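Trainee: test case, fold it:
(2 chains)
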Amino acid sequence: MKEKWNFILYLVWFSYLILSAIIMFGHGFLLSRKALSDISECLPLKEFGCDGRELATSTAKGSCKDEEKILRILANRGAPVTCATTRHRVVFILVDALRYDFTEYDDSLVKPLHYQNKLPVLRETLEKWPERTRLFRFMADPPTTTLQRVKALVTGSLPTFIDASSNFAAMELQEDNIIDQVAKGGGKAVLLGDDTWSRLIPGKWLRSHAQYSFHTWDLDTVDTEVDSKIYNELKSHDWDLLVAHYLGVDHAGHRYGPNHPEMARKLNETNSRLRKIIEFLPPDVLLYVVGDHGMTESGDHGGESKAERTAAFFAYRSSGLGGEKSEIETGREVQQTDLAPTLSAALGRPPPSPSLGSILLAVLPEMTMTETLLHFSNNMKQITHYLIRYGEESQQISLDKLANLINITRDHVERAASISTNDELNNYIIDVRVLVDNVRGVFREVWVEFDSLSMLRALLLMLLAIFFNWLLTEGLPMERLPAVFASSFVPSGFISMIVCIGLCYTGYYFKMFEDLEHAIILSTGMVSGFIVCALIIMHWDGITQRWYEGRSQFYERFSRSALVGSAAVLVSNSYIIEEGATLSYLTLSVLALMAWNTGTIKALALWVCCGVVMTVSRIYRGCREEQGDCWTTGGAVPSGQASRIALVMALGSMAGVVVLVRRHTGWRGHGVVVAGCFACAHWAVGWGSLGSPSRSRLLARGAWLVIATMLGLLWKKEGQGATLPLTVCALLLYVANTLVLGAAYAPSASLALLAGFLALNIVSLLKTEGSTKLSITTRCSSSVACMWALLASYQFYGMGHHATLGHVRWGPAFHAGDPNYLPEYPVAIGHIVIGSLVFIDLFGMQLMFGAAVPLLALWGRNGAAAAGPRTQLAAVFSLCLKFVLCFAIRVFAIAISATVHCRHLMIWGVFTPKLLFESGACAAALLGTLIGATLTVRHLPTPQRTS
Amino acid sequence: MFSLNNQLELRRVTISSLNTCIYLPSIVTIVSYKGLLYSIGNGSSFYVLVLIFIAELLKSFYLSSSNDIQGKKIKLNKNRAGDIVKSFLFLLGTLTSFFVGIILFGAPVLDYHEETLMLSTLLTLLTVFPLIAYTGVESSMQLLFGVRSYAKDTVIDMLVTNALLTVCGAWLGAIVIPLDWNTPWQQWPIPCYLGAIGGYLLANVLTVLKVTLMSAAYKYPSLNFLVNILNKLCISK
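Mentor: Here you go, the predicted model:
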């Protein structure tokens, strides 16, 4: 039995292929950007001496004019950012999805469309007071979704899907932004409308009237609410920045499209609203009316088409606005990133630290030359600082490029001091704008553009691995498997992979290509494909013969199509949102057909129990934001702190499991009992205000210790078959799951365990064709693996998770104390502990079901456990491979769907998180299956000589 | 699966299926014409179920009317009241299991009981009720638990096909529920309700089609090819 480890090695090989393809896809697809927590600071002018140095180091302490001081500061290249002297109040009105052509007015149109000529007020003010009014095209960067746009507007940066930062869980904005700057400068901000703002930037508002914004079918509620507040707010004087976010136009676009009477109604409302606001506006207050993005002709947005990117920017101030002739032309294109530095200049603050824009003088009040120069040098200093800091924190941009940019920005800082005439100033402004455009272009390349080549290559690799392994499991007759794996197939595969990696290193060493990781993944993937393909060709006769003879039953075909269906519906966002219900529906249908195929009362009863268990687990399922009604009513989500009933349920479920299994698991059962007792004590001691958190944490550590010890003891050979160790392994993983889930969710893990147990029993009842006593072929058919994979995937939702980043619970990482206090070895152990605990919390069930896969073949009286070790091993191996193939197929489907939908409205909200979580589930299933298969190999009975 | 041996039964099967093909679409058309299609899951649309009940009852009378006239009538007369009570109880049992099954498959547990009940009543009426009305309680129970095989009987064969396709229709109907189209017909249980009716209708259309084809193939043997295809379809189910 030398070949038995070859089976495991093959599973490792397969896991590597799938995971590396996923990683490669992620590199191309997941646009990420490092969020820095730096905050722009500025020193007020009075902190400077007359020689332009800070007071502490200044030698000239006398008094002098501000103008002179500023000029000195400009000349001092090392001076910190200086606060501007003048401050203005700003009314910032965001009309969601206000496309530029909505704001145009054309008298010559005979029959205007529903969205044309609906905002005459803008044209009237432009004609009446050209010096007070500006109207620009406001160019958004993709992704043109409201959340990303709001982030961009307040930070002046280019948000991507993942703004990696220290705290990944909260939706809260981690970077410096306008609102923070206002609060830091002692100003006050007021918020009216969309609650995206209050969720992004909580706690910084003087008054906040935020409204739930996810009812895309409701055109009016938010708008009327804002209207009822805004005029009173305009009258009061206690704010510096008033933010009002109107949603009606966007919702009308989503629901009806731009060319619809409802859109006309919403635009007319906007028109009269703006007229009234302009009338109410105090003379010295700046009014900015902007759209965050446009919309396509069908009313959607999120992509990068011109219509989605072109929004409108309207500025008004009754005491007049500044700017050169060439800059104030109506319809000029300005970048949305420019808004943040401009707003902060108006509010007398430095630009937010991540901002990549330049100041728009055309929408600011008239300024003296020194003041203008001060603003521009602040802007340049901030960008220089950001470039340096980003280069320190991330290697996304090559150092040469960054150094070059930093030098040029420094030059521009110095140049500011030498400017004395208006012409020079204008040239300088133009140069700065070109420079900032360059900087933004460099960052846009790494933040906004997908790497489609590596995405397609990764898809190809995944397809190769899935297709050939599918042929291997479905085609190759199981009698031939031991022979195949006893041959040199697996070792030669590994050797060729090592050769590949060696070649890649050599090529990299001689600088034949740049991306080593990419090359290794690609070459090993292709080579593995060829090797397995060769194996398939060698055994083609056996495969064709098996397919010719084989005839599967209806339930088997149904089960396979259910899995393929569950993968195929991942192209639709509605099914991803409702995936919990879909998976439970499909699983129960498959199980029902299996029970029907058996046709006994016992199978029926098992099915009903299984159905009841799944129904009860609905209590824990919760809901996500997009499930409107369920979400707003609170969704009955058990919160972090368990209630009394939840505690009783948790203790009861754990006690029930422990009592029921102890007798059947021999001496190992005691380990499960001890671990369970520790877990129960951990919850009970830590519960409520009377509990003692420190003792509770100690107990949790005890439980983990017992689990780890027992998992180690599982490898002790006893020669009684693998069923018992596998069961105990699954139980231990169950206890581990309950520990991380906490008392509030622990019963759901018991429900999952019960559902798995019932399904296992239904499988062991399946009728066998022919007269063989053992039902190995039936038990190892892909239908069983598909059912198991569906059930395992469902448990992700059964544990109360959802495929959104906001739903990741971080509590579990700290239930046994804060891992950040663990000693820091060369590798940060604390982070690894946090990561693995959260991983178990999210995907522990896939891990458990993966480890239990061999049981599907071995369980019960007619299981493979009674067969010879060779058959047993082949059965377990083929089942394991089929199970992980199911997960690989699902990942492949969601990867394809993410590629197809990469410019979809919901891509960042629905598809990408699903891709992440499905990849995680796949990894957990692979790991679990490896554990299960290795255990089986370890505990395989020794073969008789005769066989 | 049908044989041409028993011309009389075949004719009855055809005529009753034809009847279904006419009356069910007319009911649905009238209901939707009156604008009540989206209230079909409410208790207020109970009359639809009553109409279906009456139609199925009449059909079963027709199907079993002249089936060995002497033997059956005497049997029926013996304990008719007992039979009715039994079949009522049996129907109630089926109704309950449908109700529970639907909830297990994902229908709301705590609310929408009225709607779920209407759907399970419809399923009972379309699947088990015709069987009971035709063969009586005991033999249909035997059929259900697989004690007796029905391979020989044309009528029972048709009824079982109808029942299976009805359940399949209701199963498929659930597919549209999660979609976010926000249309009124996505309300629970309208898609499943209409799916069940559609499945039943499809089964009947298939029956009529098959019998027609078979009798045509009797005259023109070239059509046997089509008959074979239809038979294969039925076996694969």
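
Trainee: ok, longest helix in the chain?
Mentor: Looking at chain A here, since you left the chain open. Across chain A, the longest stretch assigned as helix under DSSP state H is helix A:723-765.

Trainee: chain B is the one I meant
Mentor: helix B:190-219.

Trainee: rounded mean pLDDT for that one, please.
Mentor: Averaging pLDDT along helix B:190-219 gives 89.

Trainee: could you do stretch A:652-668 as well?
Mentor: Over the span of stretch A:652-668, the pLDDT mean works out to 88.

Trainee: please pull out the lowest mean pLDDT helix or strand from the chain.
Mentor: Using chain A. Lowest mean confidence among the helices and strands of chain A (mean pLDDT, DSSP states H and E): strand A:162-164, at a mean of 60.

Trainee: hmm, I had chain B in mind actually
Mentor: helix B:69-78 (a mean of 50).

Trainee: the closest residue to A:V672 other than its chain neighbours and A:T936, how far apart?
Mentor: Nearest non-adjacent residue to A:V672, counting by Cβ to Cβ, 6 or more residues apart in numbering or on different chains: A:L731, 5.0 Å away. C-beta here means a position set from N, CA and C on the backbone, and glycine is covered the same way. A:L731 sits 16 Å away from A:T936, going by Cβ to Cβ, to the nearest Å.

Trainee: which of those two has more neighbours?
Mentor: Shown here are A:L731 and A:T936; by other Cβ atoms under 10 Å in any protein chain shown, A:T936 has more neighbours (29 against 26).

Trainee: residue ranges in chain B under the pLDDT threshold?
Mentor: Across chain B, the ranges flagged by pLDDT under 70 are B:1-5, B:66-79, B:147-152, B:233-237.

Trainee: one more time with 90, if that's ok
Mentor: Scanning chain B for pLDDT under 90 picks out B:1-16, B:19-20, B:31-32, B:34-46, B:59-87, B:106-112, B:131-161, B:177-189, B:207, B:209-237.

Trainee: what segments of it are strands?
Mentor: Secondary structure of chain B (DSSP state E): no strands present.

Trainee: what about the closest residue to chain B within chain A, which helix or strand?
Mentor: Taking Cβ to the nearest Cβ, chain B has its nearest neighbour within chain A at A:G611, 3.3 Å off. Assigned by DSSP states H and E, A:G611 belongs to helix A:601-616.

Trainee: export that helix as PDB, just CAs?
Mentor: The C-alpha trace of helix A:601-616 is given here as PDB (Å, rounded to 0.1, in the frame of the first residue of the first chain):
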ATOM      1  CA  ILE A 601     -40.900   5.300   5.800                       C
ATOM      2  CA  LYS A 602     -37.600   5.600   7.500                       C
ATOM      3  CA  ALA A 603     -36.200   7.700   4.600                       C
ATOM      4  CA  LEU A 604     -39.300   9.800   4.600                       C
ATOM      5  CA  ALA A 605     -39.000  10.500   8.300                       C
ATOM      6  CA  LEU A 606     -35.300  11.400   8.000                       C
ATOM      7  CA  TRP A 607     -36.200  13.800   5.200                       C
ATOM      8  CA  VAL A 608     -38.900  15.400   7.200                       C
ATOM      9  CA  CYS A 609     -36.500  15.800  10.200                       C
ATOM     10  CA  CYS A 610     -33.900  17.300   7.900                       C
ATOM     11  CA  GLY A 611     -36.500  19.700   6.500                       C
ATOM     12  CA  VAL A 612     -37.500  20.700  10.000                       C
ATOM     13  CA  VAL A 613     -33.900  21.300  10.900                       C
ATOM     14  CA  MET A 614     -33.300  23.500   7.900                       C
ATOM     15  CA  THR A 615     -36.500  25.400   8.600                       C
ATOM     16  CA  VAL A 616     -35.500  26.000  12.200                       C
END
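
Trainee: could you find the closest non-adjacent residue to B:L24?
Mentor: B:L201 (5.4 Å).

Trainee: what's that neighbour in contact with, if anything?
Mentor: B:20-21, B:24-25 (Cβ atoms under 8 Å, 6 or more residues apart in numbering or on different chains).

Trainee: ok and the residue in chain B nearest chain A?
Mentor: B:L104 (3.3 Å).

Trainee: quick one: contacts for that residue?
Mentor: Per Cβ under 8 Å, 6+ apart, neighbours of B:L104: A:588, A:608, A:611-612, A:614-615.

Trainee: try 6 Å this time
Mentor: A:611, A:615 (Cβ atoms under 6 Å, 6 or more residues apart in numbering or on different chains).

Trainee: cool, the one 10 residues further on as well?
Mentor: Remark: with contacts taken as Cβ under 6 Å, 6+ apart, B:E114 is in contact with B:G43.

Trainee: quick one: buried ones out of the contacts of B:L201?
Mentor: Buried members of these, scored by 16 or more other Cβ atoms under 10 Å in any protein chain shown, are B:20-21, B:24.

Trainee: now, which of these sits nearest B:G43?
Mentor: B:L24 (20.8 Å; Cβ to Cβ).

Trainee: measure that closest one to B:I156 for me?
Mentor: Distance of B:L24 to B:I156, computed by Cβ to Cβ: 21 Å.

Trainee: around chain B, pick out the residues from chain A.
Mentor: For chain A, the contact set with chain B under Cβ under 6 Å from any Cβ of the partner chain comprises A:574-575, A:578, A:581, A:585, A:588, A:599, A:611, A:615.

Trainee: need those in JSON lines (columns: secondary structure, pLDDT and distance to A:L435).
Mentor: Formatted as JSON lines, the residues of chain A next to chain B follow (DSSP: H, G, I helix; E, B strand; the rest coil; pLDDT from 0 to 100; distance: Cβ to Cβ, whole Å):
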{"residue": "A:S574", "secondary structure": "helix", "pLDDT": "89", "distance to A:L435": "46"}
{"residue": "A:Y575", "secondary structure": "helix", "pLDDT": "92", "distance to A:L435": "47"}
{"residue": "A:E578", "secondary structure": "coil", "pLDDT": "90", "distance to A:L435": "49"}
{"residue": "A:A581", "secondary structure": "helix", "pLDDT": "92", "distance to A:L435": "54"}
{"residue": "A:Y585", "secondary structure": "helix", "pLDDT": "95", "distance to A:L435": "57"}
{"residue": "A:L588", "secondary structure": "helix", "pLDDT": "95", "distance to A:L435": "62"}
{"residue": "A:G599", "secondary structure": "coil", "pLDDT": "80", "distance to A:L435": "78"}
{"residue": "A:G611", "secondary structure": "helix", "pLDDT": "95", "distance to A:L435": "66"}
{"residue": "A:T615", "secondary structure": "helix", "pLDDT": "93", "distance to A:L435": "63"}
